[in-house]
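Peer 1: whatever this is, show me its structure:
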Amino acid sequence: MTDTSPPVRAPLSPVRTRLSRGATVAVIAIAAVIATLLAGIALGSRDISPLEVVRILLHPDGQAYNSHVLWTERIPRTLLGIAVGAALGASGMIMQALTANPLADPGILGVEQGAAMFVVFGIMFLGVTDVSGYFWLALAGSALAASLVYLIGTRTDAGSSAVGLVLAGVALAAVMSSLITLLVVRDKEAFAHLRFWSVGQLTGRADVMDQIMPFVLCGLLLALPLGGTLNILGLGDDTARALGVRVERARLFSAAVAVLLCAAATAAVGPVAFVGLVAAHCARLLTGPDHRWSLPISMAVGAVLLTASDTAGRLILDHGEIQVGLMTAIVGTPFFVWLARRRDLVKM
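Peer 2: Okay, here's the model as predicted:
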(Lines give C-alpha, C1' and ligand atoms only; values in the text may rest on other atoms or scores of the structure.)
Protein backbone atom coordinates (compact mmCIF):
# COMPACT_ATOMS: atom_id res chain seq x y z
CA MET A 1 0.00 0.00 0.00
CA THR A 2 1.27 3.44 -0.93
CA ASP A 3 1.81 5.82 1.95
CA THR A 4 -0.09 9.03 1.15
CA SER A 5 0.55 10.80 4.45
CA PRO A 6 2.31 14.18 4.15
CA PRO A 7 6.05 14.16 4.76
CA VAL A 8 7.16 14.97 8.27
CA ARG A 9 9.07 18.25 8.44
CA ALA A 10 12.42 18.12 10.13
CA PRO A 11 12.52 20.10 13.37
CA LEU A 12 14.25 23.45 13.23
CA SER A 13 17.79 23.51 14.53
CA PRO A 14 18.44 25.39 17.79
CA VAL A 15 20.36 28.05 15.84
CA ARG A 16 17.48 28.67 13.43
CA THR A 17 15.04 28.71 16.33
CA ARG A 18 17.07 31.39 18.13
CA LEU A 19 17.38 33.43 14.95
CA SER A 20 13.63 33.24 14.33
CA ARG A 21 12.85 34.17 17.93
CA GLY A 22 15.35 37.03 17.92
CA ALA A 23 14.03 38.42 14.63
CA THR A 24 10.44 38.28 15.90
CA VAL A 25 11.36 40.05 19.13
CA ALA A 26 13.34 42.67 17.18
CA VAL A 27 10.32 43.48 15.00
CA ILE A 28 8.08 43.76 18.07
CA ALA A 29 10.66 45.95 19.82
CA ILE A 30 10.91 48.33 16.86
CA ALA A 31 7.11 48.57 16.72
CA ALA A 32 7.00 49.30 20.47
CA VAL A 33 9.58 52.08 20.10
CA ILE A 34 7.59 53.66 17.27
CA ALA A 35 4.33 53.41 19.25
CA THR A 36 5.98 54.96 22.31
CA LEU A 37 7.43 57.72 20.15
CA LEU A 38 4.01 58.60 18.73
CA ALA A 39 2.39 58.45 22.18
CA GLY A 40 5.07 60.73 23.62
CA ILE A 41 4.46 63.24 20.84
CA ALA A 42 0.67 63.14 20.98
CA LEU A 43 -0.05 62.98 24.73
CA GLY A 44 0.43 65.66 27.33
CA SER A 45 -1.37 68.52 29.02
CA ARG A 46 -2.90 69.19 25.61
CA ASP A 47 -3.60 65.99 23.66
CA ILE A 48 -3.15 66.07 19.90
CA SER A 49 -4.99 63.54 17.76
CA PRO A 50 -2.95 60.97 15.79
CA LEU A 51 -4.21 62.39 12.48
CA GLU A 52 -3.14 65.88 13.52
CA VAL A 53 0.29 64.55 14.53
CA VAL A 54 0.74 62.90 11.14
CA ARG A 55 -0.40 66.07 9.35
CA ILE A 56 2.05 68.23 11.29
CA LEU A 57 4.91 65.79 10.68
CA LEU A 58 4.22 65.74 6.95
CA HIS A 59 3.37 69.42 6.57
CA PRO A 60 4.98 71.53 9.31
CA ASP A 61 3.21 74.82 9.94
CA GLY A 62 5.26 77.15 12.09
CA GLN A 63 2.29 79.45 12.72
CA ALA A 64 -0.04 76.83 14.24
CA TYR A 65 0.03 76.31 18.02
CA ASN A 66 0.02 72.51 17.82
CA SER A 67 2.86 72.57 15.33
CA HIS A 68 4.89 74.84 17.59
CA VAL A 69 4.31 72.55 20.59
CA LEU A 70 5.33 69.46 18.64
CA TRP A 71 8.47 70.78 16.96
CA THR A 72 9.87 72.85 19.82
CA GLU A 73 8.90 70.75 22.84
CA ARG A 74 7.49 67.27 22.40
CA ILE A 75 9.50 65.91 19.46
CA PRO A 76 12.92 66.91 20.88
CA ARG A 77 11.88 65.74 24.34
CA THR A 78 10.65 62.36 23.10
CA LEU A 79 13.66 61.77 20.86
CA LEU A 80 15.96 62.63 23.76
CA GLY A 81 14.05 60.21 25.98
CA ILE A 82 14.45 57.42 23.44
CA ALA A 83 18.17 58.09 23.03
CA VAL A 84 18.84 58.30 26.78
CA GLY A 85 16.72 55.23 27.50
CA ALA A 86 18.59 53.23 24.87
CA ALA A 87 21.92 54.37 26.34
CA LEU A 88 20.93 53.36 29.87
CA GLY A 89 19.54 50.03 28.68
CA ALA A 90 22.76 49.16 26.87
CA SER A 91 24.89 50.37 29.77
CA GLY A 92 22.97 48.20 32.22
CA MET A 93 23.28 45.12 30.01
CA ILE A 94 27.04 45.57 29.57
CA MET A 95 27.58 46.14 33.30
CA GLN A 96 25.62 43.01 34.19
CA ALA A 97 27.59 40.95 31.67
CA LEU A 98 31.00 42.24 32.79
CA THR A 99 30.35 41.84 36.52
CA ALA A 100 28.24 38.66 36.25
CA ASN A 101 25.89 40.53 38.57
CA PRO A 102 22.14 40.45 37.82
CA LEU A 103 21.63 43.51 40.05
CA ALA A 104 24.08 45.74 38.19
CA ASP A 105 22.74 49.08 36.97
CA PRO A 106 24.37 52.49 36.46
CA GLY A 107 22.21 53.91 39.23
CA ILE A 108 22.51 51.05 41.72
CA LEU A 109 26.29 50.81 41.31
CA GLY A 110 26.71 54.54 41.96
CA VAL A 111 28.03 55.34 38.49
CA GLU A 112 25.28 57.87 37.76
CA GLN A 113 25.78 59.61 41.11
CA GLY A 114 29.50 59.86 40.39
CA ALA A 115 28.70 61.56 37.10
CA ALA A 116 26.17 63.85 38.78
CA MET A 117 28.62 64.87 41.52
CA PHE A 118 31.29 65.87 39.02
CA VAL A 119 28.73 67.87 37.02
CA VAL A 120 27.66 69.72 40.18
CA PHE A 121 31.30 70.46 41.01
CA GLY A 122 31.84 71.77 37.49
CA ILE A 123 28.81 74.05 37.64
CA MET A 124 29.60 75.48 41.07
CA PHE A 125 33.39 75.77 41.01
CA LEU A 126 34.42 75.78 37.34
CA GLY A 127 31.57 77.80 35.85
CA VAL A 128 30.61 75.10 33.34
CA THR A 129 27.28 75.93 31.70
CA ASP A 130 27.04 73.94 28.45
CA VAL A 131 25.99 70.31 28.09
CA SER A 132 29.16 69.29 26.26
CA GLY A 133 31.06 70.44 29.35
CA TYR A 134 28.66 68.43 31.51
CA PHE A 135 29.48 65.36 29.43
CA TRP A 136 33.23 65.44 30.02
CA LEU A 137 32.71 66.00 33.73
CA ALA A 138 30.14 63.19 33.85
CA LEU A 139 32.55 60.91 31.98
CA ALA A 140 35.28 61.52 34.55
CA GLY A 141 32.87 61.06 37.45
CA SER A 142 31.41 57.86 36.01
CA ALA A 143 34.85 56.36 35.44
CA LEU A 144 35.99 57.23 38.97
CA ALA A 145 32.81 55.86 40.57
CA ALA A 146 32.93 52.64 38.54
CA SER A 147 36.57 52.08 39.52
CA LEU A 148 35.89 52.70 43.22
CA VAL A 149 32.86 50.41 43.28
CA TYR A 150 34.79 47.62 41.59
CA LEU A 151 37.80 47.97 43.91
CA ILE A 152 35.66 48.10 47.06
CA GLY A 153 33.00 45.59 46.01
CA THR A 154 35.37 42.81 45.02
CA ARG A 155 37.23 43.03 48.33
CA THR A 156 34.33 42.62 50.75
CA ASP A 157 33.21 39.71 52.91
CA ALA A 158 29.57 40.05 51.84
CA GLY A 159 29.44 36.44 50.68
CA SER A 160 29.50 37.03 46.95
CA SER A 161 30.94 39.56 44.55
CA ALA A 162 27.40 40.39 43.37
CA VAL A 163 26.32 41.47 46.86
CA GLY A 164 29.64 43.23 47.44
CA LEU A 165 29.29 45.32 44.30
CA VAL A 166 25.72 46.30 45.15
CA LEU A 167 26.63 47.25 48.73
CA ALA A 168 29.63 49.27 47.54
CA GLY A 169 27.52 50.99 44.88
CA VAL A 170 24.69 51.86 47.26
CA ALA A 171 27.14 53.20 49.86
CA LEU A 172 29.07 55.26 47.32
CA ALA A 173 25.85 56.62 45.80
CA ALA A 174 24.62 57.64 49.26
CA VAL A 175 27.86 59.49 50.02
CA MET A 176 27.85 61.29 46.67
CA SER A 177 24.15 62.19 46.95
CA SER A 178 24.82 63.67 50.38
CA LEU A 179 27.72 65.72 49.02
CA ILE A 180 25.57 66.97 46.15
CA THR A 181 22.80 68.01 48.54
CA LEU A 182 25.26 69.68 50.91
CA LEU A 183 26.77 71.72 48.10
CA VAL A 184 23.55 72.64 46.34
CA VAL A 185 21.54 73.81 49.36
CA ARG A 186 24.32 76.27 50.27
CA ASP A 187 24.00 78.04 46.92
CA LYS A 188 20.55 79.34 45.99
CA GLU A 189 21.44 79.88 42.35
CA ALA A 190 22.87 76.38 41.99
CA PHE A 191 19.86 74.94 43.82
CA ALA A 192 17.45 76.61 41.41
CA HIS A 193 19.47 75.28 38.46
CA LEU A 194 19.93 71.72 39.71
CA ARG A 195 16.90 70.87 41.84
CA PHE A 196 15.05 69.17 38.96
CA TRP A 197 18.08 67.95 37.02
CA SER A 198 19.38 66.11 40.10
CA VAL A 199 16.35 63.79 40.16
CA GLY A 200 16.34 63.19 36.40
CA GLN A 201 14.04 65.06 34.06
CA LEU A 202 13.34 65.56 30.37
CA THR A 203 11.45 68.82 30.84
CA GLY A 204 13.08 71.79 29.15
CA ARG A 205 15.96 69.72 27.77
CA ALA A 206 15.19 70.25 24.08
CA ASP A 207 18.21 72.52 23.72
CA VAL A 208 20.66 69.72 24.65
CA MET A 209 19.76 67.47 21.72
CA ASP A 210 22.41 68.75 19.32
CA GLN A 211 25.13 68.74 21.96
CA ILE A 212 24.59 65.34 23.56
CA MET A 213 23.27 63.23 20.68
CA PRO A 214 26.70 62.67 19.03
CA PHE A 215 28.02 61.14 22.27
CA VAL A 216 24.96 58.92 22.69
CA LEU A 217 25.03 57.71 19.09
CA CYS A 218 28.77 57.06 19.30
CA GLY A 219 28.28 54.97 22.44
CA LEU A 220 25.39 52.98 20.95
CA LEU A 221 27.34 52.25 17.76
CA LEU A 222 30.31 51.06 19.81
CA ALA A 223 28.03 48.90 21.97
CA LEU A 224 26.20 47.07 19.17
CA PRO A 225 29.15 44.82 18.11
CA LEU A 226 29.97 43.86 21.72
CA GLY A 227 27.40 41.06 21.93
CA GLY A 228 29.73 38.33 20.69
CA THR A 229 32.57 39.50 22.93
CA LEU A 230 30.32 39.52 25.99
CA ASN A 231 29.18 35.98 25.16
CA ILE A 232 32.79 34.78 25.08
CA LEU A 233 33.74 36.64 28.27
CA GLY A 234 30.82 34.93 29.98
CA LEU A 235 32.50 31.56 29.39
CA GLY A 236 35.35 32.48 31.72
CA ASP A 237 38.71 34.14 31.25
CA ASP A 238 40.62 30.94 30.46
CA THR A 239 38.14 29.87 27.77
CA ALA A 240 38.06 33.38 26.32
CA ARG A 241 41.85 33.44 26.06
CA ALA A 242 41.82 30.02 24.41
CA LEU A 243 39.41 31.43 21.81
CA GLY A 244 41.81 34.26 21.04
CA VAL A 245 40.18 37.09 23.00
CA ARG A 246 42.43 39.55 24.81
CA VAL A 247 40.41 39.46 28.00
CA GLU A 248 41.78 42.52 29.79
CA ARG A 249 41.50 44.69 26.69
CA ALA A 250 37.98 43.42 25.93
CA ARG A 251 36.79 44.07 29.49
CA LEU A 252 38.36 47.53 29.57
CA PHE A 253 36.84 48.54 26.23
CA SER A 254 33.39 47.19 27.17
CA ALA A 255 33.51 48.99 30.52
CA ALA A 256 34.57 52.21 28.77
CA VAL A 257 31.56 51.97 26.43
CA ALA A 258 29.21 51.43 29.39
CA VAL A 259 30.68 54.44 31.21
CA LEU A 260 30.45 56.56 28.04
CA LEU A 261 26.75 55.75 27.66
CA CYS A 262 26.03 56.41 31.32
CA ALA A 263 27.91 59.72 31.24
CA ALA A 264 26.07 60.93 28.14
CA ALA A 265 22.69 60.02 29.61
CA THR A 266 23.43 61.67 32.96
CA ALA A 267 24.78 64.84 31.37
CA ALA A 268 21.61 65.13 29.29
CA VAL A 269 18.84 64.50 31.82
CA GLY A 270 20.44 63.89 35.22
CA PRO A 271 20.68 60.60 37.13
CA VAL A 272 17.87 58.17 36.25
CA ALA A 273 18.01 54.87 38.11
CA PHE A 274 16.69 51.37 37.36
CA VAL A 275 16.26 51.76 33.59
CA GLY A 276 19.35 49.67 32.86
CA LEU A 277 18.35 47.03 35.41
CA VAL A 278 14.81 46.54 34.13
CA ALA A 279 15.74 46.80 30.43
CA ALA A 280 18.50 44.20 30.68
CA HIS A 281 16.32 41.62 32.41
CA CYS A 282 13.36 42.19 30.11
CA ALA A 283 15.65 41.77 27.10
CA ARG A 284 17.03 38.47 28.42
CA LEU A 285 13.51 37.29 29.17
CA LEU A 286 12.52 37.99 25.57
CA THR A 287 15.60 36.76 23.71
CA GLY A 288 17.56 34.50 26.05
CA PRO A 289 21.17 34.87 27.21
CA ASP A 290 22.72 35.54 23.79
CA HIS A 291 24.05 39.10 24.02
CA ARG A 292 24.08 39.45 20.24
CA TRP A 293 20.29 39.73 20.54
CA SER A 294 19.73 40.83 24.14
CA LEU A 295 22.06 43.86 23.91
CA PRO A 296 20.22 45.63 21.05
CA ILE A 297 16.86 44.59 22.52
CA SER A 298 17.87 46.14 25.86
CA MET A 299 18.36 49.42 23.99
CA ALA A 300 14.80 49.24 22.67
CA VAL A 301 13.35 48.25 26.05
CA GLY A 302 15.23 51.07 27.77
CA ALA A 303 13.95 53.56 25.20
CA VAL A 304 10.36 52.38 25.65
CA LEU A 305 10.60 52.34 29.45
CA LEU A 306 12.05 55.84 29.82
CA THR A 307 9.81 57.47 27.22
CA ALA A 308 6.67 55.74 28.52
CA SER A 309 7.57 56.78 32.09
CA ASP A 310 8.00 60.38 30.97
CA THR A 311 4.67 60.34 29.12
CA ALA A 312 2.90 58.82 32.13
CA GLY A 313 4.45 61.44 34.40
CA ARG A 314 2.91 64.17 32.24
CA LEU A 315 -0.56 62.60 32.42
CA ILE A 316 -0.90 61.64 36.10
CA LEU A 317 -1.21 65.17 37.48
CA ASP A 318 -3.79 67.66 36.27
CA HIS A 319 -1.34 70.52 36.72
CA GLY A 320 2.37 69.93 36.42
CA GLU A 321 4.18 66.64 35.99
CA ILE A 322 6.25 64.02 37.80
CA GLN A 323 9.93 63.93 36.86
CA VAL A 324 10.96 60.89 34.85
CA GLY A 325 13.57 59.91 37.45
CA LEU A 326 10.81 59.53 40.05
CA MET A 327 8.63 57.56 37.65
CA THR A 328 11.38 55.06 36.85
CA ALA A 329 12.08 54.70 40.58
CA ILE A 330 8.42 53.86 41.18
CA VAL A 331 8.67 51.10 38.56
CA GLY A 332 12.21 49.96 39.28
CA THR A 333 12.29 49.72 43.08
CA PRO A 334 9.74 46.88 43.38
CA PHE A 335 11.44 45.12 40.46
CA PHE A 336 14.81 45.40 42.20
CA VAL A 337 13.45 43.94 45.46
CA TRP A 338 11.68 41.10 43.64
CA LEU A 339 14.78 40.32 41.63
CA ALA A 340 17.04 40.29 44.68
CA ARG A 341 14.69 37.92 46.53
CA ARG A 342 14.20 35.64 43.53
CA ARG A 343 17.92 35.33 42.94
CA ASP A 344 18.60 34.71 46.63
CA LEU A 345 21.22 37.45 46.55
CA VAL A 346 19.94 39.15 49.67
CA LYS A 347 18.96 37.37 52.85
CA MET A 348 16.09 39.17 54.57
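Peer 1: show me the longest helix that occurs in this structure.
Peer 2: helix 14-42 (DSSP state H).
Peer 1: let me know the next secondary structure element after that helix.
Peer 2: Next helix or strand after helix 14-42 toward the C-terminus (DSSP states H and E): helix 50-58.
Peer 1: ok, Tyr65 - how many residues close by?
Peer 2: Tyr65 has 10 neighbours, counted by other C-beta atoms under 10 Å. Where you see a C-beta, it was placed from the backbone N, CA and C, and this is true even at glycine.
Peer 1: the one 5 residues further on now?
Peer 2: Number of residues near Leu70 (other C-beta under 10 Å) recorded here: 22.
Peer 1: and it, what is it in contact with?
Peer 2: 41, 48, 53, 56-57 (C-beta atoms under 8 Å, 6 or more residues apart in numbering).
Peer 1: could you redo the last one with a cut-off of 7 Å?
Peer 2: 41, 56 (C-beta atoms under 7 Å, 6 or more residues apart in numbering).
Peer 1: next one: it from Gly114, what distance?
Peer 2: Using C-beta to C-beta, to the nearest Å, Leu70 is found at 36 Å from Gly114.
Peer 1: next one: Met299
Peer 2: Distance from Met299 to Gly114, by C-beta to C-beta: 23 Å.
Peer 1: more crowded one of the two?
Peer 2: Neighbours were counted for Met299 and for Gly114 using other C-beta under 10 Å; Gly114 has more, 31 against 27.
Peer 1: now the more buried one: phi and psi?
Peer 2: phi -60, psi -40 (degrees, to the nearest 10).
Peer 1: what about the helices in the stretch 201-348 of the chain?
Peer 2: 209-223, 227-233, 237-242, 247-269, 275-287, 291-316, 324-342 (DSSP state H, counting those that start in this stretch).
Peer 1: by contact count, what packs against the shortest one?
Peer 2: In this structure, helix 237-242 makes packing contacts with helix 247-269, judged by 3 or more C-beta pairs under 7 Å, 6 or more residues apart in numbering; DSSP states H and E.
Peer 1: for the helix it packs on, the distance to its chain's centre please.
Peer 2: Counting by C-alpha atoms, centre = their mean, to the nearest Å, helix 247-269 is centred 12 Å from the centre of its parent chain.
Peer 1: quick check: buried residues in that helix?
Peer 2: 247, 250-251, 254-269 (16 or more other C-beta atoms under 10 Å).
Peer 1: go on, stretch 290-303?
Peer 2: Buried, per 16+ other C-beta under 10 Å, within stretch 290-303: 290-303.
Peer 1: show me the shaky parts of the stretch 201-348 of the chain.
Peer 2: The model of the stretch 201-348 of the chain has pLDDT under 70 over residues 340, 342-348.
Peer 1: swap in 80 and give it another go.
Peer 2: Across the stretch 201-348 of the chain, the ranges flagged by pLDDT under 80 are 201-208, 317-320, 336-348.
Peer 1: what's the separation between Ala104 and Ser147?
Peer 2: Relative to Ser147, and taking C-beta to C-beta, Ala104 is found at 15 Å.
Peer 1: which one's more surrounded, the two?
Peer 2: Using other C-beta under 10 Å, the more surrounded residue of Ala104 and Ser147 is Ala104, with 27 against 14.
Peer 1: pretty sure that one is touching Ile94, no?
Peer 2: No - assessed by C-beta atoms under 7 Å, Ala104 is found out of contact with Ile94, at 9.0 Å.
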